[in-house]
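1. Dropping the sequence and predicted coords here.
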Amino acid sequence: MSEFEHYEQGEYAKKNIRITPTKLADGRDFFYLDDDPEYVSGKKTRELKDPRPLANRFAPGVDADGNEIPVQAPQMRRDPLTGDWIPMATARMNRPITAGPGATATGNPLAARKIGDPYQDGEVPDTDYDVVVFENRFPSMQQVPGRSNDTISYVDGNPLWEKKLAAGRCEVICFDPNEKGLPADLPVSRLRTVVEGWAFRTAELSAIDGIEQVFPFENHGQEIGVSLAHPHGQIYSYPFIAPKMEQELEHTEAYHERTGGNLLKDLLAAELEAEERVIFRNRTWVAYVPAAARWPLEVHVAPVRDGILTIDQLNDDERWGLAQMYSTLLKRGNAFFDTGDGKGMDLPYISAWHQAPVHDPRRENYRLNLQFFSFRRAANKIKYLAGSESGMAAWISDTTPEKIAARFHELGPVDLEASKA
């Protein structure tokens, strides 16, 4: 039986993945997810003590006059024109940046601890790991003990501008200890552990009071704005439904009321029937370029089985199928643009998990899906989101979904099980 209250391991994870919880020096939750047999069996154990002299993250601060002030937690304000909540987290200005021209730190806080290394502010207590998950040290959203998450006040005392604590949670998931590695180069077995991490955290985070949506995602590449060069992703737990999800829920619910059907299920069926934009599939998943793709490279991935709302509802077979699909997607994404040497490129991308919201009743008419995209439009060009896209959210595509799919078809067979890709 799982030691966690809401996450239940399947048969594969019970035998092959060991989850070890601990606390970092400032009180944040930290989890090792080991797939190395020696750690799974208990023959070896992980270092649980964080040696850094970090203050408790909720300890009061001190102002310029030496007066004690409560911890400065992120707040959020509602845009009265759109209804969107906008989190504001000034502490993120102090986070270390190790990638790109704006780098401010020489060490890698996501790497395993290196004994004797002058940079000793890493987030991982041990000198090695397989996969780890932990609360972000510089979160965009955070719940503070003893403070009401529902209390609304007003900017300048004006009821036009609502504000309250951005009482969500932000976590980091590191896919592998190799800080110079690429997610695309990880073995399928390691990606299977990553999938288990997404499922584990989805189950546990969904049960936190006040959380409305759990959003695992991955930003990859300097052009995307990644500040830490390491194979990793993040998991945001919003205390609201994010605008993109709200828009999708409005359409899926309206479709259900109009037809009695599930829009995402019917979209998958239509793409399978059309065939042209399906780029690869296995027994449990289908990857396709959506008929109204916005980005110059965009792929949606959906489970075959109906009724799956969130990642933690996937069975063992589907979790293995997803690991295979994700590996294939990353490899073929890197090969998508021809740089002239036949080697492709390290594709900058965003990989976004769209899961049903936690409490909203419209969740029953939603369906789990992954939306993967890159704003690179050629080997030496990127798509800038200028006036129409950024100013009015009116998208203009530089290509067609059929051309995107045709390029993917050049990179490998559609049927992964037949090809053993």
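-> Cool, got the structure.
2. what about the helices in this structure?
-> Taking DSSP state H to define them, one finds helices in the chain at 11-16, 37-40, 188-205, 243-259, 263-274, 316-335, 392, 401-411, 416-419.
3. Could you list the buried residues of stretch 337-357?
-> 337, 344-345, 347-357 (16 or more other CB atoms under 10 Å). For glycine as for every other residue, the C-beta is placed from the backbone atoms N, C-alpha and C.
4. Make JSON lines from the helices of the chain and add mean neighbour count, distance to Ile152 and mean pLDDT to it.
-> As requested, those are exported to JSON lines (neighbours: other CB atoms under 10 Å; distance: least, CB to CB, whole Å; pLDDT from 0 to 100):
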{"stretch": "helix 11-16", "mean neighbour count": "15", "distance to Ile152": "41", "mean pLDDT": "97"}
{"stretch": "helix 37-40", "mean neighbour count": "15", "distance to Ile152": "46", "mean pLDDT": "98"}
{"stretch": "helix 188-205", "mean neighbour count": "23", "distance to Ile152": "23", "mean pLDDT": "98"}
{"stretch": "helix 243-259", "mean neighbour count": "15", "distance to Ile152": "19", "mean pLDDT": "98"}
{"stretch": "helix 263-274", "mean neighbour count": "16", "distance to Ile152": "33", "mean pLDDT": "98"}
{"stretch": "helix 316-335", "mean neighbour count": "22", "distance to Ile152": "39", "mean pLDDT": "98"}
{"stretch": "helix 392", "mean neighbour count": "8", "distance to Ile152": "30", "mean pLDDT": "94"}
{"stretch": "helix 401-411", "mean neighbour count": "17", "distance to Ile152": "43", "mean pLDDT": "97"}
{"stretch": "helix 416-419", "mean neighbour count": "14", "distance to Ile152": "50", "mean pLDDT": "75"}
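5. out of those, nearest to Arg281?
-> Of all the helices of the chain, helix 416-419 sits nearest to Arg281, with 6.7 Å by CB to CB.
6. Okay, domains of this structure per the record?
-> 11-49+72-238, 243-419 (automatic domain parsing).
7. coming back round to it: out of the helices of the chain, which comes closest to Gly181?
-> Of the helices of the chain, nearest to Gly181 by CB to CB is helix 188-205, at 9.9 Å.
8. Do you know the pLDDT at Ser227?
-> pLDDT, Ser227: 71.
9. for the closest residue to Ser397 other than its chain neighbours, phi and psi?
-> Nearest-residue entry for Ser397: Arg294, 6.1 Å, with adjacent residues in sequence omitted and distances by CB to CB, 6 or more residues apart in numbering. Main-chain dihedrals, Arg294, degrees, to the nearest 10: phi -90, psi -40.
10. Might you report the residue contacts of Arg294?
-> By CB atoms under 8 Å, 6 or more residues apart in numbering, Arg294 lies in contact with 373, 395, 397.
11. Show me which of the residues you listed are buried.
-> By 16+ other CB under 10 Å, the contacts of Arg294 give 373, 397 as buried.
12. What is the nearest of the contacts of Arg294 to Pro243?
-> So of these, ranked by how close each gets to Pro243 (CB to CB), first place is Trp395, at 15.0 Å.
13. Now distance to Pro60 too, for the domains of the chain, in a markdown table please.
-> Formatted as a markdown table, the domains of the chain follow (distance: least, CB to CB, whole Å):
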| stretch | distance to Pro60 |
| --- | --- |
| domain 11-49+72-238 | 10 |
| domain 243-419 | 32 |
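14. Which of those comes out lowest on mean pLDDT?
-> It's domain 11-49+72-238: among these, that one has the lowest mean pLDDT, namely a mean of 91.
15. what distance separates the start and the end of that domain?
-> This stretch, domain 11-49+72-238, spans 30 Å end to end (CA to CA, to the nearest Å).
16. quick one: it to chain centroid distance?
-> 9 Å (CA atoms, centre = their mean, to the nearest Å).
17. which ones among the buried residues of stretch 337-357 are found in strands?
-> Among the buried residues of stretch 337-357, the ones falling in strands (DSSP state E) are 349-354.
18. what residues does stretch 389-397 touch?
-> With contact meaning CB under 8 Å, 6+ apart, stretch 389-397 is reached by 293-296, 388.
19. How far does it sit from its chain's centre?
-> Using CA atoms, centre = their mean, the offset of stretch 389-397 from its chain centre is 24 Å.
20. Pull up the distance across it, start to finish.
-> With CA to CA applied, stretch 389-397 spans 10 Å between its terminal residues.
21. Stretch 285-293 now?
-> OK, stretch 285-293 end separation, CA to CA: 19 Å.
22. and what of stretch 113-120?
-> 7 Å.
23. what does it contact?
-> Contacts for stretch 113-120 (CB under 8 Å, 6+ apart): 47, 51-52, 105-108, 122, 124-127.
24. Recalculate using a threshold of 10 Å.
-> 47, 50-52, 96, 98, 105-109, 111, 122-129 (CB atoms under 10 Å, 6 or more residues apart in numbering).
25. Next up, the contacts around Asp35.
-> 13, 16-18, 130-131, 187, 189-190, 192-194, 196.
26. Identify the residues contacting the closest residue to it other than its chain neighbours.
-> Excluding the flanking residues, the one nearest Asp35 by CB to CB, 6+ apart is Thr193, at 4.6 Å. By CB under 10 Å, 6+ apart, the contact set of Thr193 is 13, 16-17, 33-36, 130-131, 175-176, 186-187, 319, 323.
27. Is Ala352 bridged to anything, and to what?
-> Note on Ala352: beta-bridge partners by DSSP bridges are Phe217, Gln371.
28. what's near enough to touch it?
-> Ala352 touches 215-219, 244, 369-373, counting by CB under 10 Å, 6+ apart.
29. just Glu410 next, same as before
-> Glu410 neighbours (CB under 10 Å, 6+ apart): 332, 335-336, 338.
30. for Phe372, same thing?
-> Phe372 touches 218, 287, 295, 297-301, 326, 329-330, 333, 349-353, counting by CB under 10 Å, 6+ apart.
31. Go ahead and confirm Ala323 touches Val195.
-> Yes: contact between Ala323 and Val195 holds when scored by CB atoms under 10 Å: they sit 5.3 Å apart.
32. For those two, list the residues in contact with both.
-> Among the neighbours of Ala323, those also in contact with Val195 (CB under 10 Å, 6+ apart) are Val188.
33. Nearest the geometric middle of the chain, what residue?
-> The centroid of the chain falls nearest to Phe217 when counting by CA atoms, centre = their mean (1.6 Å).
34. can you give me the strands for the stretch 101-250 of the chain?
-> Assigned by DSSP state E, counting those that start in this stretch, the strands in the stretch 101-250 of the chain fall at 131-135, 153-154, 162-165, 169-174, 213-220, 232-238.
35. Of all these, which one is nearest Leu182?
-> strand 213-220 (8.2 Å).
36. Many thanks, I have nothing further to ask.
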